[in-house]
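Asks: Structure for this input, please:
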Amino acid sequence: MPIDYSIADDIIELSFGKFDKRSTKLKFPVPGSLSKNISALIEGQDQTLSHANVSMLATASVEMWHRAVHSFLWSVALTNSSPLWASVTGYYSSHFVMRALAYSMGIIKSFRKRKAVQITFSGGQCVCTILEDRYKKKGEHEFYWMVVKEYPAFSSNDLFRKNNITSSRSDSYHRTYANYTDHINSFVPLDLPEREHIKETVERISRIRVNSITNTAIELDAYPDVRNVQILAYQRIIAYRDFFDQKLSANRFWQAHRTPNWCRDTMLYQVETQGLEAPAHS
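Replies: As a prediction, the model looks like this:
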């Protein structure tokens with residue numbers, strides 16, 4: 001079946017809604033819980049996702065968003081010491097936002113089973129439905145970005161796009177270039193900045209006006225173009241947070257994890273609509 005976006009919001013509300021009961025613990029399950037569950041549903045006769053496990057879509061989404069925040073901060077920390085890894089981690093920060101949004105909708109690419117699935121409704125139950133082969137043929141760096149771009153809430157947002165990993169005009173290709181091109185030779189002595197410097201850099205990035213750069217402004221010739229890669233990642237992180245702040249304003253799980261404790265002193269969650277223009281390149 002093709003992706004059915006008409007149920008995406010219902011899946012979001014159902015999975016996060018599992019934490020509305022005061023007796024429900026607001027913690028993450030053990031590593032790999034969702035992927036193992038999905039693999040079992042794909043290969044089993046019963047494709048029903050138990051009500052107890054529906055909450056994994058919410059927890060997996062938020063944990064993946066935390067990865068985006070973590071990767072962004074490491075990108076900032078590595079800006080001068082390793083432009084190569086600053087560019088790669090900056091891109092992965094954006095990629096983790098896409099995966100996080102797709103997970104929340106119940107749309108997942110199974111690495112183990114090489115299938116793309118969507119959690120849908122049937123007979124009052126949540127079921128794991130295999131998506132069309134055309135989705136299976138897309139790698140995850142195309143699949144998750146496509147899922148988010150085609151979701152009506154983000155289809156007109158310039159921060160979100162379909163991800164052509166071979167296009168030279170994208171932050172994605174900077175990651176591909178850094179990983180697979182020989183003789184980059186962009187190494188300098190390791191000199192990690194102090195935490196206060198990271199905080200100041202994040203604050204500068206937060207002053208860049210929303211959508212002041214587009215994905216097509218990321219040119220291969222400007223590699224590693226770290227600053228623009230970071231700006232895109234940061235603004236996508238904020239877009240995720242704003243989306244769930246509006247949709248889940250009173251949700252217990254979201255309120256507990258929307259501001260991770262491990263980066264309270266370095267990460268900001270604001271972006272200016274009338275701020276500065278982004279630099280042409282880093």
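Asks: Checking residue 119 next. Helix, strand or coil?
Replies: What DSSP: H, G, I helix; E, B strand; the rest coil gives for residue 119 is strand.
Asks: In CSV, please show the C-alpha coordinates belonging to the helix or strand harbouring residue 172.
Replies: Using DSSP states H and E, residue 172 maps to helix 171-180. Extracted C-alpha coordinates of helix 171-180, given in CSV (Å, rounded to 0.1, in the frame of the first residue of the first chain):
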residue,chain,number,x,y,z
ASP,A,171,23.9,19.0,2.9
SER,A,172,23.4,15.3,2.3
TYR,A,173,26.0,15.3,-0.4
HIS,A,174,28.5,16.9,1.9
ARG,A,175,28.1,13.9,4.1
THR,A,176,28.5,11.6,1.1
TYR,A,177,31.5,13.5,-0.1
ALA,A,178,33.2,13.5,3.3
ASN,A,179,32.6,9.7,3.7
TYR,A,180,33.6,8.4,0.3
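Asks: Show me what it packs onto, helices and strands only.
Replies: Using 3 or more Cβ pairs under 8 Å, 6 or more residues apart in numbering; DSSP states H and E, the elements in contact with helix 171-180 are helix 83-104, helix 226-247. (Glycine included, C-beta is placed from N, CA and C.)
Asks: what is the mean pLDDT for the last one?
Replies: The predicted model assigns helix 226-247 a mean pLDDT of 94.
Asks: Over to the first one?
Replies: Taken as a whole, helix 83-104 has a mean pLDDT of 95.
Asks: okay, that helix in CSV with CA atoms only?
Replies: What follows is helix 83-104 as a C-alpha-only set of coordinates in CSV (Å, rounded to 0.1, in the frame of the first residue of the first chain):
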residue,chain,number,x,y,z
PRO,A,83,35.5,20.3,9.5
LEU,A,84,35.1,16.8,8.0
TRP,A,85,33.2,15.4,11.0
ALA,A,86,31.5,18.7,11.8
SER,A,87,29.9,18.5,8.3
VAL,A,88,29.0,14.8,8.7
THR,A,89,27.5,15.1,12.2
GLY,A,90,25.7,18.3,11.1
TYR,A,91,24.0,16.4,8.3
TYR,A,92,23.2,13.5,10.6
SER,A,93,21.5,15.9,13.0
SER,A,94,19.1,16.8,10.2
HIS,A,95,18.7,13.2,9.2
PHE,A,96,17.8,12.2,12.7
VAL,A,97,15.0,14.9,12.7
MET,A,98,13.5,13.2,9.6
ARG,A,99,13.6,9.8,11.2
ALA,A,100,12.1,11.2,14.4
LEU,A,101,9.2,12.7,12.6
ALA,A,102,8.6,9.6,10.5
TYR,A,103,8.7,7.4,13.6
SER,A,104,6.0,9.5,15.3
